[in-house]
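Peer 1: fold the following for me, if possible:
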Amino acid sequence: MDQFISTAGLVGRSPEIKPTPKGEVLEFSLAVNSGYEKDSPSIWYDVSVWNEGLQKSVQREISKGSKVAVTGKLSARENGGRTFLKISAGRVGLIEWLLREQAPAPSAAPIKQAGETNPGSSSAAPADDLDF
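Peer 2: Numbers count the residues shown, from 1 in each chain. The predicted structure is shown next:
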């Protein structure tokens with residue numbers, strides 16, 4: 001059974017392309033805080049990106065220290081008593097981009113509340129009859 005993860009953190013190692021028998025893969029490390037205290041240890045993930053289009057975007061926009069969100073398939077392996085976590089990413093985005101996408105668009109006119117009249121109108125619209 002595949003396990004998927006969505007997490008956000010700081011890029012620890014700048015993205016770099018590496019050749020593999022399956023094709024090129026872009027890899028970087030991601031540090032995620034494990035708690036709210038200042039001295040909480042970070043959880044480190046090795047992130048791999050196989051999609052060529054996503055690789056180009058990541059290389060162009062992301063570097064060491066960037067705040068990113070990553071979604072992908074999680075895997076783990078043990079070696080010498082240590083656990084190594086890896087994310088095969090399907091999505092990677094700068095936190096700044098994501099915040100911009102979620103911000104409401106500025107409105108040219110104020111939103112009318114139910115029961116308000118149009119300027120210059122003499123009668124109020126019923127609450128269930130909204131003017132769109």
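
Peer 1: longest strand of this protein?
Peer 2: Criterion DSSP state E: the longest strand present in the chain is strand 3-20.

Peer 1: gap between the two ends of stretch 34-44?
Peer 2: Using C-alpha to C-alpha, to the nearest Å, one end of stretch 34-44 lies 10 Å from the other.

Peer 1: buried residues, that stretch. List them.
Peer 2: Neighbour counts over stretch 34-44 (16 or more other C-beta atoms under 10 Å) mark no residue as buried. In this view, the C-beta of every residue, glycine as well, is placed from N, C-alpha and C.

Peer 1: show me where the chain has helices.
Peer 2: With DSSP state H, the ranges of helices along the chain come out as 52-61, 95-102.

Peer 1: burial check on the residue lying closest to residue 49 once chain neighbours are set aside, number of neighbours?
Peer 2: Excluding its sequence neighbours, the residue lying closest to residue 49 (C-beta to C-beta, 6 or more residues apart in numbering) is residue 26, at 4.2 Å. Applying other C-beta atoms under 10 Å, we find 23 residues neighbouring residue 26.

Peer 1: just residue 55 next, same as before
Peer 2: That count, for residue 55 with other C-beta under 10 Å as the rule, works out to 19.

Peer 1: does it touch residue 18 like I think?
Peer 2: No. Residue 55 is not in contact with residue 18 according to C-beta atoms under 8 Å; the separation is 10.9 Å.

Peer 1: who touches both of these two?
Peer 2: Common contact partners of residue 55 and residue 18 (C-beta atoms under 8 Å, 6 or more residues apart in numbering): 24, 26.

Peer 1: about what we covered before: does anything pack onto the longest strand of the chain? Which helices or strands?
Peer 2: Under the contact criterion of 3 or more C-beta pairs under 8 Å, 6 or more residues apart in numbering; DSSP states H and E, strand 3-20 touches strand 23-33, strand 42-49, helix 52-61, strand 67-79.
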